[in-house]
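Trainee: This is the structure alone, sequence omitted:
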């Protein structure tokens with residue numbers, strides 16, 4: 001599968017979205033979690049794991065013929081993260097990853 005990740009950082013509204021590339025086959029997803037990785041340093045913080053509700057387990061590319069049982073993309077709203085400097089590394093960078101478990 002070819003996954004697309006899109007981070008949107010418009011003033012006042014941060015979000016992260018993922019979907020499949022148009023060239024990809026549908027995916028049957030068991031679960032997916034956005035992981036905001038804690039910076040390494042003096043203070044040991046835990047990674048923040050944000051699960052997504054898995055209402056429609058079949059994810060399809062946008063060009064795929066869709067029905068109500070399919071999902072084209074999923075999104076997390078991250079506005080709360082804008083004011084949380086504890087998750088940034090010493091260079092002010094946020095590290096995140098997406099963990100997907102397929103069926």
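Mentor: Sure, I can see it. Predicted model only: the values in this text are computed from it and were never measured.

Trainee: Can you classify residue 35 by secondary structure?
Mentor: Reduced to three states with DSSP: H, G, I helix; E, B strand; the rest coil, the structure at residue 35 is strand.

Trainee: Then residue 50?
Mentor: The three-state label for residue 50, taken from three-state DSSP, comes out as strand.

Trainee: beta partners of the nearest residue to it once chain neighbours are set aside?
Mentor: In this structure, residue 50 finds its nearest non-sequential neighbour in residue 34, 4.6 Å apart by C-beta to C-beta, 6 or more residues apart in numbering. Quick note: C-beta positions are derived from backbone N, CA and C, even for glycine. Beta bridges link residue 34 to residue 50, residue 98 when assigned by DSSP bridges.

Trainee: Also residue 76?
Mentor: Bridge pairing for residue 76 - DSSP bridges - gives residue 16.

Trainee: what number of residues lie near it?
Mentor: Residue 76 sits with 19 neighbouring residues when counted by other C-beta atoms under 10 Å.

Trainee: likewise residue 23?
Mentor: For residue 23, the number of neighbouring residues by other C-beta under 10 Å comes to 9.

Trainee: ranges for the strands of the protein?
Mentor: Per DSSP state E, the chain has strands spanning 3-10, 13-20, 27-37, 48-51, 58-59, 70-71, 73-77, 95-102. These are given in chain order.

Trainee: With respect to residue 87, which of these lies nearest?
Mentor: Using C-beta to C-beta as the measure, strand 27-37 is the one of these that comes nearest residue 87, at 5.5 Å.

Trainee: coming back round to it: least reliable of the strands of the chain by average pLDDT, please.
Mentor: Per-segment confidence across those bottoms out at strand 70-71, which has a mean of 68 in mean pLDDT.

Trainee: any idea which residue sits dead centre in the protein?
Mentor: Nearest to the mean C-alpha position of the chain, by C-alpha atoms, centre = their mean, lies residue 34 at 4.6 Å.

Trainee: That one reaches residue 76, doesn't it?
Mentor: Yes: under the contact definition of C-beta atoms under 8 Å, residue 34 touches residue 76, with a separation of 5.2 Å.

Trainee: sorry, back to before: who's in contact with the residue nearest to the centre of the chain?
Mentor: Taking C-beta atoms under 8 Å, 6 or more residues apart in numbering, we find residue 34 in contact with 16, 49, 50, 52, 76, 96, 97, 98.
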